[in-house]
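A.B. asks: Fold the stuff below for me.
(2 chains)
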Amino acid sequence: MSYLDNKEPPRRDDRLQASITYGGSICSLAGPGKGCCASGQDRSFTQGSICLLLPGLAMLNSIPDSVVLLHGAIGCGSCSHSQNANIRSGGNTRWGRTKDALWLSTALNESEVVNGGEPKLEAAIRKADRRYRPATIIVVAGCVPGIIGDDIDGVAARLQPEVSAKILPVHCEGFKTKIWATAYDAVYHSLGRNLLENPEYQSRIIPDELEELKEKHRLSRTVNLMNVSSMGRVDELELTRLLNALGLEANVFPVFTKPEEMYKATQAALSISTCPTHDDYFLKHLQETYGVPYILKHMPIGIKNTGDWLREVAAFFHLEEQADQLIRQEEADLQAALAEFKPWFSGKKVFISAGEIRAYANGYLLTELGFEIAGIRAFHHDEFAEGEYQKLASLYPSDFPVNIANAQPFEEANLLKKLQPDLFLGHWGGNATASKLGIATHVIYNTGLSYIGYKGVYELAKRLYRQLKNPILNRNLREHLKLPYNPKWYERDPFSYIKSQGGQNNV
Amino acid sequence: MSEFIERPRYFCALGGALETLSALPDVVPILHAAPGCAGNITWTQNGGSGLQVGGYCAALAVPSSNVQEREVVFGGLERLREEIRSTVELIEGRLYFVITGCVTEVIGDDVKAVVSEFQKEGVPIIHAETGGFKGNSYYGYDLVLQSLFRNYLERDVLKVKKRVNVWGVVPFMDVFWRGNLEGVRTLLEKLGLEVNSFFSGADTLDDIRKAGGAELNIVLSDVYGVEAAEVFQEVHGTPYIQLPLPVGPSATDQFLQQVSEALSLNKSATDQMIAAEHQQYYHYFEPLIEGYNDLDLQRYAIIIGDVNYAVALTRFLADDLGWLPEFVVFTDQLSEEQQQKLTDARFDLKSGLKPKVVFETDTSEIIRHLKQNWPEFKSQKYYNAFSPAFVVGSSLDRDLAQSIGASHLSISFPVANRVVIDRGYTGYRGGLRLIEDLLSSIIVGR
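C.D. replies: Numbering: from 1, shown residues only, chains lettered A, B, ... in the order given. Take a look at the predicted model:
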């Protein structure tokens, strides 16, 4: 039985034994024993984090002609106010049309929490269908329905015959998983169950054989380029450019994909992930159910990583030689362009904090630029990172710290004080700690900026050069602002609040 | 009760509570909530609060118990105990403040009991129950203040003449909170009052603790913080007056007169101050007269905002700037009684204008109200169009402005397209700021 036969996908805590708690080093992670990352580890102090609802909505809000109906208390999903900027610019860069995201909330109140929220959800679906006439109504469950036992799948099934929009239930109950990457599975799960059918109107009554042959040829050269909102349009275009150079066509999926065009993902010759931790759940489904093979290796961030990523794709189509030629040319152009920046980077220490694969891929990239890694933090650990640990460890004769944490800036502050890097790259919403410590900073994820492929290397280098040329703002901040931690904290081991499974803190 | 709210311009009680606490001096919030609550609140601030995110100990640095399925099944109190103990050890603050989310309230965690254990150990800690389903972020502000007034303020403090507390401006929900509070403080200080406004740079936790000594509480809102004012009166015996956010000369005059009256201040001194402020306001305005006329900068206006701004901006545009605010849209969730009260009390305008007042939470419905209340264009040769027009609202109202060819300025939450640090619109000078911002957005392409 496939996972997609169930109402909800399994949580990654179980499916992949993913973990958010570890303090150690790259050598111990890459080494033979790999005695780390027991998924049962916890912290006795934790700071706020995000849950799967946020990355889930980043994807769902982007789907055109749809409304996202949050079922929960009124706050759940208000992160859309921030994500709306990406929806506006994403629409503009793709279709020249700036449009706000459209999300709704059932805004459950106290009495609905006691008596159940299903009647309100039913009424909301009916009204949304009537008022907005959307192609899909995406019903997203937050924590509250998960606890009070509202059955959003039951409601969807009950109401489907009444409404013209396709109803997509998506489970994003934040308390159910520590691994917010479960969001990708939750969204893919619902898309996979509901939107992959080839619409009837596609079939012709009188076949046009020539057209069919052309289409068959085109599809044999079409690849699904998976994007769960970790890339902006500028990065999609860079990868599309490289794929086009090999004679391949890219079908970007699923962000900003029209519901009626989602079935095209089932017809491609190959699916390519740009980040192994995003897509395994869905790519396996596409292969098992529709026979579309996939590549789930490498993140095309950095010079070697991009080359490796391209070579994997090319090998599938027996285009190795063409790929080698392309890569040679691209690398030569890029290296020449990087020459003016490299002296700025040489020997400078950099600390990186980001999502699992992104953090390590950027570690590789920054090493290629001449930086030396002082430390890395990744939001979680699972099996997909293991190859990345080895890649990085092989680059470095000496060890450096690695911290697995779902943000937890207190550990970061401690590490940064000890390591004193020259530069910090942190996720969206994750650069304040380093800024207040006076370290030059740069955001490692922003869908408006270029990070991916060869262009991404150049653009990132250019931005880092800018930051390093005048890092005075953060030094000023250090003089005048303080972090909330007790000064004694910095004398302690950064991982003091990590409890091993027995419940004791590691000191 | 409506079936849903479209793109709510507020979030949950927990979110409002966290924003409120992160704006209080030396206070460390502790969330007893699911792991994503803090992040969701942080992202919302990023998108709605003029790029102001977090503070000393907020955003993703805020201590949070991050309850999981295990706690849902077995209860979250042990995790909370552990979290509080670690927080006190690790985070420097003078008051720890536990707030709860939906999950921990639905499972029935007795947070009060845990908090009192720590109080007995001498930890300065209080709490408020702020589960998201209890209300929106404006109400979360109210709940935090209620707890602060009941549980933190010293009791039986002797009342001090001419000492007042001010609240009703919700940090981060009013993106201009710092500037607005400072504007009001400055005005009141000019009246010779000693002011505690909780959230401004001039406020301290020591002053807040002694807030019970105020002679009068001034709530700058018809809705926000009103229940807290009742609690304050009950616990500390200080009466309160409710006044609209004073933006521009007309509202500020009235504000000063009413405060002055409530405190029995010397009337002629207040009048003198008002006269001097007017003189300066119009003296500064003077060089704009020609340009204002040359460019024909008077506008029809639609005002879309929360309770505070819908009232204050209408008043300013109608009675100070001489615009035509034909439509006022309140985007808050309000009871019929609250709606009636606002309509009756807040639209008696000096200019004699009678704007159409609408209560609508859903952004995409606003255009429908406009169409229903303005003569339709039927290709007539002469048509009195709703033009030239200005939409004073939030960043969600840009679509509306574009569709009717109006200029636009984001003031009410969400403000995604402006950077705000300490700008404020209260008082006389605030009125001038507002003129600058409104007119600048009309002539931006000049």
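
A.B. asks: quick one: what helix or strand has the residue in the stretch 201-350 of chain A that chain B sits nearest to in it?
C.D. replies: Residue nearest to chain B within the stretch 201-350 of chain A: A:Ser229 (13.2 Å; C-beta to the nearest C-beta). Every residue, glycine included, has its C-beta placed from N, CA and C. Following DSSP states H and E, one finds A:Ser229 outside all helices and strands.

A.B. asks: Touching, it and A:Ser62? I think so.
C.D. replies: Yes. The criterion here is C-beta atoms under 8 Å, and A:Ser229 meets it with A:Ser62 at 6.5 Å.

A.B. asks: follow-up on the earlier one: who's in contact with the residue nearest to the residue of the stretch 201-350 of chain A closest to chain B when sequence neighbours are not counted?
C.D. replies: In space, and not counting its chain neighbours, A:Ser229 is closest to A:Ala58: 4.3 Å by C-beta to C-beta, 6 or more residues apart in numbering or on different chains. Contacts for A:Ala58 (C-beta atoms under 8 Å, 6 or more residues apart in numbering or on different chains) come out as A:Gln83, A:Asn86, A:Val228, A:Ser229.

A.B. asks: A:Ala58 in helix, strand or coil?
C.D. replies: helix (DSSP: H, G, I helix; E, B strand; the rest coil).

A.B. asks: Per-residue pLDDT of it, please?
C.D. replies: With respect to pLDDT, A:Ala58 has a value of 97.

A.B. asks: for A:Ser39, same thing?
C.D. replies: At A:Ser39, pLDDT is 60.

A.B. asks: Now do the end-to-end distance for stretch B:394-405.
C.D. replies: End-to-end span of stretch B:394-405 (C-alpha to C-alpha, to the nearest Å): 16 Å.

A.B. asks: contact partners of that stretch?
C.D. replies: A:99-100, B:7, B:9, B:302, B:304-305, B:331, B:363, B:366-367, B:370, B:386-387, B:389-391, B:393, B:406-408, B:410-418.

A.B. asks: Go ahead and build a PyMOL selection from the buried members of the residues you listed.
C.D. replies: Burial among the contacts of stretch B:394-405 is assessed by 16 or more other C-beta atoms under 10 Å in any protein chain shown; the matching PyMOL selection reads:
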select buried, (chain A and resi 100) or (chain B and resi 7+9+302+304+305+331+363+366+370+386+389+390+391+393+406+407+408+410+411+412+413+414+415+416)
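
A.B. asks: who in the stretch 251-400 of chain B is up against chain A?
C.D. replies: Within the stretch 251-400 of chain B, the positions near chain A by C-beta under 8 Å from any C-beta of the partner chain are B:Gln333, B:Thr363, B:Ser364, B:Leu396, B:Arg398, B:Asp399.

A.B. asks: how about 10 Å then?
C.D. replies: Proximity of the stretch 251-400 of chain B to chain A, by C-beta under 10 Å from any C-beta of the partner chain, involves residues B:Gln333, B:Thr361, B:Asp362, B:Thr363, B:Ser364, B:Glu365, B:Ser394, B:Ser395, B:Leu396, B:Asp397, B:Arg398, B:Asp399.

A.B. asks: Drop anything exposed from the residues you listed.
C.D. replies: B:Gln333, B:Thr361, B:Asp362, B:Thr363, B:Ser364, B:Ser394, B:Ser395, B:Leu396, B:Asp397, B:Arg398, B:Asp399.

A.B. asks: Now for the residues you listed: which two are most distant?
C.D. replies: Greatest spacing in those, by C-beta to C-beta: B:Gln333 and B:Arg398 (22.8 Å).

A.B. asks: Can you check the pLDDT for the nearest residue to A:Ser220 once chain neighbours are set aside?
C.D. replies: Excluding its sequence neighbours, the residue lying closest to A:Ser220 (C-beta to C-beta, 6+ apart) is A:Ala269, at 5.2 Å. As predicted, A:Ala269 sits at a pLDDT of 98.

A.B. asks: Tell me if I'm right that A:Ala269 and A:Leu243 touch.
C.D. replies: No. Using C-beta atoms under 10 Å, A:Ala269 is not in contact with A:Leu243, being 11.6 Å away.

A.B. asks: Give me the common contacts of those two.
C.D. replies: A:Arg221, A:Thr222, A:Val223, A:Glu249 (C-beta atoms under 10 Å, 6 or more residues apart in numbering or on different chains).

A.B. asks: So which of these is surrounded by the most neighbours?
C.D. replies: A:Val223 (24 neighbours; other C-beta atoms under 10 Å in any protein chain shown).
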